[in-house]
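Novice: Sequence first, then the predicted structure, then my questions.
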Amino acid sequence: MSVAGQQDFILVTREARGRISGDGVELTFGYWPGRGMRGRGDSDKPEGPYGMAQHARDVAAAMQTVGYGASVIVGHSMGAFVATALAAESPELVSGIIMIDGGYVPDLPVGVDASQMLDATLALRISQLTRTYDSREAFLDFWRSQPNFPADDWNSWTEAFLNYEVAGETTVQPKASADAVRIDVAEAFKRVEIIERLKSLRVPVLLLRAERGLEPKQPPIFPDSVMPLFRECVPEMKEEMISGTTHFTITLGERGASRVADLIVEFADRCETPTAVAGT
């Protein structure tokens, strides 16, 4: 997760990365030019624990290390679940939450229960994590051929994101811990815990939805039909669906990222403490 300071905003003119203490682990952080996890990327990958509450403790420890107080937390996908867990675990560090295409139990296809969806999701993710590629270019070519990243939305941000996901040059493999992924994916289907965290929120909340799912031809992860139940958990939540975006391009495509950036600035200005923490 990246952090923008509370009162002493950091001016970033070029990409910078480093390491910072989390909850008993070393986490990798990054700053990128623009307007002012454990088990993933270059962060430590211990045997455990994992899960949303643990990721929240890592974020809290990292924020406290650099001296950040109450901040607007921005989480995409799994990061949205971490954001609500952080608000539940350390409410003094959260002044607002922006959930980007995440944070609630996905709408399941007719005839499919949560255990079936969990098994299918885990099988796909573990398969992706154990696959190797001959080079980074071969890895990028694989994703260029997939519908997740349409050609019109493929850009330098997409390549930078995918390049960070893997390690190696001649034998390339994803960095993420398979054990961490198993636990974290399973937690995304724990409906009772997720709903309890959402109902406990006492800060402004903004939900940004992608118009389509993981691919352009898929329905959205959060269709209109699921929104009444979502709103029951967070009655004061504001929301916007960003047209022409998928679950991935809402943050990596030019159209999605530009609109998300504008909305983050507007939302932070409305919150009591205009700071931002972003995570995926």
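Specialist: Nice, I can see it.

Novice: Could you list the low-confidence segments of the stretch 151-280 of the chain?
Specialist: Low-confidence segments of the stretch 151-280 of the chain, defined by pLDDT under 70: 272-280.

Novice: In it, what residue spans correspond to strands?
Specialist: Along the stretch 151-280 of the chain, the segments classed as strands by DSSP state E, counting those that start in this stretch run 166-167, 173-174, 205-210, 238-242, 276-279.

Novice: who are the neighbours in contact with Arg212?
Specialist: With contact taken as Cβ atoms under 8 Å, 6 or more residues apart in numbering, Arg212 is in contact with 218-220, 245-247. From N, CA and C alone the C-beta is placed, and that goes for glycine too.

Novice: Pull out the buried members of the residues you listed.
Specialist: Among the contacts of Arg212, those buried by neighbour count (16 or more other Cβ atoms under 10 Å) are 220, 245-247.

Novice: Turn the contacts of Arg212 into TSV, including distance to Val105.
Specialist: As requested, these are exported to TSV (distance: Cβ to Cβ, whole Å):
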residue	distance to Val105
Gln218	17
Pro219	16
Pro220	14
Thr245	21
Thr246	19
His247	15
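
Novice: Show me the two of the residues you listed that sit farthest apart.
Specialist: Farthest pair in the contacts of Arg212 (Cβ to Cβ) is Pro219 and Thr245. Separation: 13.3 Å.

Novice: What spatial separation is found between Cys271 and Gly39?
Specialist: 30 Å (Cβ to Cβ, to the nearest Å).

Novice: Contacts only, for Ala87.
Specialist: With Cβ under 8 Å, 6+ apart, Ala87 has these contacts: 73, 94, 97, 197, 200-203.

Novice: hang on, the earlier thing: closest one to Arg125 among the strands of the stretch 151-280 of the chain?
Specialist: Arg125 lies closest, by Cβ to Cβ, to one member of those: strand 173-174, at 9.6 Å.

Novice: Could you list every helix and strand that that closest one packs against?
Specialist: Contact partners of strand 173-174 among helices and strands, from 3 or more Cβ pairs under 8 Å, 6 or more residues apart in numbering; DSSP states H and E: helix 114-130, strand 166-167.

Novice: Nothing else from me, thank you.
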